[in-house]
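# return atomic coordinates for the entry below.
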Amino acid sequence: MTFDDGTIDHYTTVIPLLAQFNMSAIFYISTAKLDTGGYITSRQAREMIDNGNILGSHTHTHPRLLIKGIPQIIEELEVSAQVLQKLHGARPTHFAPPGGLYNEDFNVLPQKQDTGHFGRWIGGITVILK
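Reported below is the predicted structural model:
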């Protein structure tokens, strides 16, 4: 299961349900929203990881990637990766574009040697990051 955006209901509603059924999930977090009203806190995010869940990147500011070029996409991913790395000591291994939307520039990133961000598409939605 996956959940996008990092809203507070993920912590208050979803996490207890997952625990009740001994399950975990991937939570795609827009890192600029951490510690802001209506979103999970850094402490809650660390607790989610400690309880077996995965936090993936959902970009930093949740922009529409359809209208972004490669430099902006890379910046969004890098800032998000740095924030998530501070939370649990490792770069994120999963990424989901906001809204599941991206443009053709996004498809060339896995082939670009200088980005260091992408592995491959999984199911057309999730990208495994290096």
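
# contacts, neighbours, all on C-alpha from now
Noted.

# pLDDT weak spots in the chain?
Scanning the chain for pLDDT under 70 picks out 101-130.

# what ranges does it have for its helices?
All helices of the chain, identified by DSSP state H, fall at 8-9, 15-20, 42-50, 70-88, 104-108.

# mean neighbour count and distance to Ser30 for those - can I get that in a markdown table?
A markdown table is the format used below for these (neighbours: other Cα atoms under 10 Å; distance: least, Cα to Cα, whole Å):
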| stretch | mean neighbour count | distance to Ser30 |
| --- | --- | --- |
| helix 8-9 | 15 | 12 |
| helix 15-20 | 13 | 18 |
| helix 42-50 | 17 | 12 |
| helix 70-88 | 18 | 7 |
| helix 104-108 | 13 | 18 |
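
# dump these to JSON lines, plus distance to Thr61.
Formatted as JSON lines, these follow (distance: least, Cα to Cα, whole Å):
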{"stretch": "helix 8-9", "distance to Thr61": "17"}
{"stretch": "helix 15-20", "distance to Thr61": "24"}
{"stretch": "helix 42-50", "distance to Thr61": "16"}
{"stretch": "helix 70-88", "distance to Thr61": "7"}
{"stretch": "helix 104-108", "distance to Thr61": "17"}
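
# which one of those lies closest to Ile26?
With Cα to Cα as the criterion, Ile26 lies closest to helix 42-50 of those, at 9.6 Å.
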